[in-house]
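Engineer: Dropping the sequence and predicted coords here.
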Protein chains: 2
Amino acid sequence: MISSKPFRELCQENGIAVTHQRQVLYEVMKTMHGHPSPEEVYARVKKKIPAISLATVYKNIHLFVESGVFREVSMHHGSLRVEMNDEAHHHMVCSKCKAITDIGEKELGLVSKKGKLPGGFLVERYAVDVIGICAKCQ
Amino acid sequence: MISSKPFRELCQENGIAVTHQRQVLYEVMKTMHGHPSPEEVYARVKKKIPAISLATVYKNIHLFVESGVFREVSMHHGSLRVEMNDEAHHHMVCSKCKAITDIGEKELGLVSKKGKLPGGFLVERYAVDVIGICAKCQ
DNA sequence: TACTGAACGATAATATTTATCGTTTATACT
DNA sequence: AGTATAAACGATAAATATTATCGTTCAGTA
């Protein structure tokens, strides 16, 4: 499993240098729960390396995400995106080119629970992103 | 169905005025396919109302989304969010307070296809957002 | 038709992310 | 270990994206 692998090994696999900043960033992030923003990560890492730059945090978060070490919560498209398609459907998102394509709920063929989920969360609808590689990028 | 309802009625239901800008914006957006950004919508609407302001476009897109007329493609959290939880899980997103909570794949109890989807899209993984109202906001 | 609050346009402000560039550091190779 | 080189760093400017402000205009209602 990724988290049990030594950091040095992770870096070698991804062809990146083992720097002090990178290592501390990795260790700090591993202890963070929930869904922190880059600013929140920055605030935490600053406690260990007060001189670290926000740019370094951004650059390394991107590296970690690209390497599959950590994951981004929902695909980030740089700006708000709206859709006018009012038929029940979901999205296929290409992890290379970020293209979004609709897929009908039936074609996706996914079965889901209705009603309440653990914690008393009241379900309105499901929004499914199928992450993968589109035909063009394969 | 929403799209067949007259615009005037839509506005009355949501307690907003029927302005020229709002109406044109709505009509233009209805004809747009895919997943346009506010800038793309702005560019289109400018052809019909050259004097329209970008701020008006933003304000009304938000109104439309809040009213459920249109929908945003994936929940927009203002900034990038990462997660370190490496267990298979998905997210419950509260449509009121925007809080994100993890839910295990098994608890969600959803069955999904593997392999290829229509269009030759190669599936890597599924990212499911359960949209609804959290216990606090109910 | 006149009143009033909502909406508009222009634009300043804020927030987020990326790019630039001079300096420092990790790595590979003597 | 010493050194060359490319990668990474920090500081900060720039680019993007979004929201707030405010004076003016317009839609809904009396």
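Structural biologist: The structure has been received and is ready for your questions.

Engineer: In chain A, where's the longest helix?
Structural biologist: Longest among the helix segments of chain A by residue count, using DSSP state H, is helix A:54-67.

Engineer: and the longest strand seen in chain A, which strands flank it?
Structural biologist: Longest strand in chain A, counting residues (DSSP state E): strand A:121-133. Strand A:121-133 pairs in its sheet with strand A:89-94 (parallel), strand A:116-117 (antiparallel), strand B:121-133 (antiparallel), by DSSP bridges.

Engineer: Verify the stated contact: residue A:110 with residue B:110.
Structural biologist: Yes. Between residue A:110 and residue B:110 a contact is recorded at 6.1 Å, counting by CB atoms under 8 Å. (C-beta placed from N, C-alpha, C; glycine too.)

Engineer: Mutual contacts of those two, please.
Structural biologist: A:126, B:126 (CB atoms under 8 Å, 6 or more residues apart in numbering or on different chains).

Engineer: about what we covered before: and the longest helix of chain A, how far out from the chain's middle?
Structural biologist: Averaging C-alpha positions (CA atoms, centre = their mean, to the nearest Å) puts helix A:54-67 12 Å from its chain's average.

Engineer: Now do the buried residues in that helix.
Structural biologist: If you call a residue buried by 16 or more other CB atoms under 10 Å in any protein chain shown, then helix A:54-67 has these buried ones: A:56-57, A:60-61, A:63-64.

Engineer: can you give me the helices for chain A?
Structural biologist: Under the criterion DSSP H, chain A contains helices at A:7-14, A:20-31, A:38-48, A:54-67, A:105-108.

Engineer: Give me the helices and strands touching the longest one, please.
Structural biologist: With contacts defined as 3 or more CB pairs under 8 Å, 6 or more residues apart in numbering or on different chains; DSSP states H and E, the secondary structure elements packing on helix A:54-67 are helix A:7-14, helix A:20-31, helix A:38-48, strand B:82-83.

Engineer: before we move on, back to that, out of the buried residues of helix A:54-67, which comes closest to residue B:8?
Structural biologist: Among the buried residues of helix A:54-67, residue A:61 lies closest to residue B:8 (CB to CB), at 47.2 Å.

Engineer: if we can go back for a sec, for the buried residues of helix A:54-67, could you give me CSV that also reports distance to residue B:38 and pLDDT?
Structural biologist: Formatted as CSV, the buried residues of helix A:54-67 follow (distance: CB to CB, whole Å; pLDDT from 0 to 100):
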residue, distance to residue B:38, pLDDT
A:56, 31, 98
A:57, 28, 98
A:60, 30, 98
A:61, 25, 98
A:63, 30, 97
A:64, 29, 97
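
Engineer: Just flag the most distant two among those.
Structural biologist: The most widely separated members of these, counting by CB to CB, are A:56 and A:64 (12.3 Å).

Engineer: how about low-confidence regions in chain A?
Structural biologist: A:1-5, A:112-115 (pLDDT under 70).

Engineer: sorry, back to before: would you reformat the strands paired with strand A:121-133 as CSV and include distance to DNA strand D and mean neighbour count?
Structural biologist: Output for the strands paired with strand A:121-133, formatted as CSV (distance: least, CB to the nearest atom of the strand, whole Å; neighbours: other CB atoms under 10 Å in any protein chain shown):
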stretch, distance to DNA strand D, mean neighbour count
strand A:89-94, 17, 21
strand A:116-117, 28, 16
strand B:121-133, 18, 19
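
Engineer: shouldn't residue A:137 be in contact with residue A:98?
Structural biologist: No. Counting by CB under 8 Å, residue A:137 stays clear of residue A:98, with 10.0 Å between them.

Engineer: From DNA strand C, how far out is the residue nearest to the spatial centre of chain A?
Structural biologist: What sits nearest the mean C-alpha location of chain A, by CA atoms, centre = their mean, is residue A:72, with 1.2 Å. Distance of residue A:72 to DNA strand C, computed by CB to the nearest atom of the strand, to the nearest Å: 9 Å.
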